[in-house]
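Asks: Here is the input, now give the coordinates:
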Amino acid sequence: MKSVLLIMLMACVASANADVDPVVYVKDALAKGRSTIVVPKNVYEIEPDGPQESVYFRLRGLRDVTIDFSGSKLIGKVATTLFSIEGCTNLVLRNFTVDYSFLPFTQAVIEKMDAEKNWDVRVIDGYPVPDITYGAGGLKGHNDFWPIQVYDGKTHEWVNPLRFLDGVAIVRTGERTYRITGGIDRTGKAGDIAVWSIKQRDRPTIGECFLSRGCANCLFEDITLYSTPHMGRAFIEFDACGNVYRRCRLRRCPPEEDTVRRGLKRLRSGSYDGFICKNSYKGFTLDDCEVAYNCDDCVNISGMYCLVSACDGERLRVLGNWMDVVCNAGDAVQVMDYDGTTLEAVVKEWKAAGTVNAEERKWLDDDKASGLSLELGKGVRKAFDVALDRPLRLKRGAVIISHNRMGDGFRIVNCRFGHSRVRGLLLKASHGLVENCVIEDCAAGIAISTEYNWLSGGCSSDVTVRGCTIRGNRGRTVAVSGTSASRKPLAAGAHRNIVFERNRFEGGCGIALVGCSDCTFAGNSWAIGGEEAVKQGRPPVWAVNCTNLVVDAPVAENTPLSPWNPMWSRTSGGRASKPNNLNIDRKGKR
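Replies: Numbers count the residues shown, from 1 in each chain. Modelled structure (predicted):
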């Protein structure tokens with residue numbers, strides 16, 4: 001009887017709110033100057049305000065405003081940005097679930113596989129049937145369906161994180177059938193489920209679900225996402241300062257909450273990263289958040305490097321980056337030379353010096369020469385004349401980054417991340433805490449790692465990871481490392497004072513420490529490695545170019561790392577040390 005009354009009550013509430021358009025409701029309330037806006041609870045099918053609009057809610061310059069959706073479900077007819085938030089302070093946004101009626105991916109069972117591991121697939125009932133053929137070609141063509149993934153037909157866990165490049169193509173062969181060919185990783189068998197992305201083409205769209213710029217001390221609370229737009233991140237912030245995400249989730253939609261009856265539950269949630277903090281003055285806080293079954297990093301915190309083109313000791317010629325994030329006079333900066341040596345300095349002067357010259361353009365446009373990935377050098381256009389507070393001898397390919405724009409001061413507590421094709425946490429900032437989190441079934445668990453090839457930095461210091469469970473990750477359990485222009489391991493001192501304490505490590509390919517100084521692994525529980533693994537040359541910890549390292553597990557020093565990833569084979573040779581079980585006190589002394 002109670003359930004019947006509850007259903008009747010919900011029907012009455014929905015009927016009462018049927019004429020409310022939450023997009024118009026919020027817009028009108030803001031126009032009237034209201035600081036507290038409560039949207040009536042309902043299931044809303046919504047669309048942007050106008051056929052050429054690519055954003056549902058645009059929030060600009062708000063201060064001390066709270067918008068509460070009362071537990072509503074927002075179903076977007078257009079797979080594009082739900083919230084675009086700019087220049088807001090102390091904004092509170094809470095209490096809703098997001099999904100899209102234009103599902104930005106499809107699922108198909110692999111019916112046949114030939115000797116070249118090409119697949120004949122059939123789209124499962126209830127999923128979109130794209131009406132175009134995706135031809136093999138350059139990166140632009142790949143982006144039409146990126147990423148193609150495969151999930152086990154029985155366990156529904158991922159077995160192929162990315163079928164990509166090498167002439168990959170999807171050709172329609174029938175009313176609901178396609179043939180998928182090419183690709184570097186062709187893992188998958190008959191009965192498995194292929195999943196690929198779909199871009200909406202009948203409306204203007206933007207990839208991100210939640211996009212914020214220049215916001216400070218905002219709170220995003222009790223928000224659940226079941227999908228994101230094509231190639232879109234769930235929550236991404238730029239130029240931020242101290243925002244908080246509490247009980248925000250990116251997870252795959254359970255069948256009982258899906259708006260469409262499907263022949264198989266959804267195997268994917270978001271089509272890209274979960275939480276991204278980019279070029280921020282202070283990193284975000286994630287409290288009791290979750291990211292699972294997405295297609296890229298669960299969490300990514302980073303800034304942008306500028307490239308050193310020339311150096312005469314007193315002055316530097318510096319090239320910008322495609323995001324136009326640069327340094328300012330007075331900034332404390334981190335400088336990484338061509339060979340991976342890292343040092344600190346302060347900017348005395350940073351002034352415009354025109355654009356990239358012809359010789360620099362040739363270097364930037366050649367990925368092999370510059371070491372940058374996917375033609376990213378083509379987006380570098382501006383040049384600067386720079387003076388630091390100390391004379392330096394730097395080679396072309398050195399990079400520089402401001403500590404004010406790396407997302408320092410982040411906190412990630414009581415969160416769950418996993419079942420993602422790349423990393424659980426990718427951290428490139430300092431003065432941070434990761435505590436009481438679970439990270440499982442990613443390609444790698446935690447990477448504290450700079451990436452020169454993406455111009456994504458920097459190196460980290462004063463980061464603590466404690467009380468976490470890091471398990472079942474298919475690659476490196478933990479990597480504190482990175483890349484420089486030389487493609488050689490980072491020099492000692494690149495990362496400093498990284499502490500892992502009271503964590504549980506299970507499975508994975510062990511821990512890689514490259515270019516670390518004054519780092520401590522203390523009081524952890526190790527369910528990886530062991531004496532037999534050490535005898536086989538697979539100790540739990542590899543250390544390359546490390547000093548004053550204290551670890552409570554067997555360590556192999558300055559040896560080529562395990563070959564699970566070619567990135568780790570680019571290390572200097574050397575003699576492996578005998579396994580060490582080191583006694584550690586709280587101060588990290590032997």
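
Asks: show me where the stretch 51-200 of the chain has strands.
Replies: Along the stretch 51-200 of the chain, counting by DSSP state E, counting those that start in this stretch, strands occupy 55-60, 66-76, 81-86, 92-100, 105-113, 119-123, 148-151, 158-163, 169-172, 177-181, 193-197.

Asks: so which of those gets nearest Val478?
Replies: The closest of those to Val478 is strand 158-163. By Cβ to Cβ, the value is 19.1 Å. In short, each C-beta sits where N, CA and C put it, glycine included.

Asks: The closest one relative to strand 119-123, how many degrees between them?
Replies: Going by axes from the mean of the first three to the mean of the last three Cα atoms, to 10 degrees, strand 158-163 is angled at 110 degrees with respect to strand 119-123.

Asks: thinking again about what came up before, could the strands of the stretch 51-200 of the chain go into CSV alongside distance to Arg252?
Replies: Formatted as CSV, those follow (distance: least, Cβ to Cβ, whole Å):
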stretch, distance to Arg252
strand 55-60, 22
strand 66-76, 16
strand 81-86, 18
strand 92-100, 11
strand 105-113, 11
strand 119-123, 18
strand 148-151, 11
strand 158-163, 12
strand 169-172, 22
strand 177-181, 22
strand 193-197, 11
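
Asks: right, so of those strands, which gets closest to Cys415?
Replies: Nearest to Cys415 among the strands of the stretch 51-200 of the chain is strand 92-100 (17.9 Å), distances taken as Cβ to Cβ.

Asks: can I get the CA coordinates of that closest one in CSV?
Replies: Extracted as CSV, the C-alpha positions of strand 92-100 are listed here (Å, rounded to 0.1, in the frame of the first residue of the first chain):
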residue,chain,number,x,y,z
VAL,A,92,26.8,26.2,-5.0
LEU,A,93,25.4,23.7,-7.5
ARG,A,94,23.7,20.6,-6.1
ASN,A,95,21.3,17.7,-6.2
PHE,A,96,20.7,16.3,-9.6
THR,A,97,21.4,13.4,-12.0
VAL,A,98,22.5,13.8,-15.7
ASP,A,99,21.9,11.7,-18.7
TYR,A,100,21.5,12.2,-22.4
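
Asks: who does it touch, helix- and strand-wise?
Replies: Applying 3 or more Cβ pairs under 8 Å, 6 or more residues apart in numbering; DSSP states H and E, we find strand 92-100 packed against strand 66-76, strand 81-86, strand 219-225.

Asks: go with 10 Å
Replies: Contact analysis of strand 92-100 by 3 or more Cβ pairs under 10 Å, 6 or more residues apart in numbering; DSSP states H and E lists strand 43-46, strand 55-60, strand 66-76, strand 81-86, strand 210-213, strand 219-225, strand 244-250 as its packing neighbours.

Asks: Nearest to Glu359, out of the ones you listed?
Replies: Closest approach to Glu359 among the helices and strands packed on strand 92-100 (Cβ to Cβ): strand 210-213, 34.4 Å.

Asks: same for the closest one, what does it pack against?
Replies: strand 55-60, strand 81-86, strand 92-100, strand 219-225, strand 235-238, strand 275-278.

Asks: in it, what counts as buried?
Replies: For strand 210-213, a neighbour-count test (16 or more other Cβ atoms under 10 Å) marks 210-213 as buried.

Asks: quick one, domains of this structure?
Replies: Per automatic domain parsing, the structural domains of the chain span 2-101+203-296, 105-197, 304-403, 421-569.
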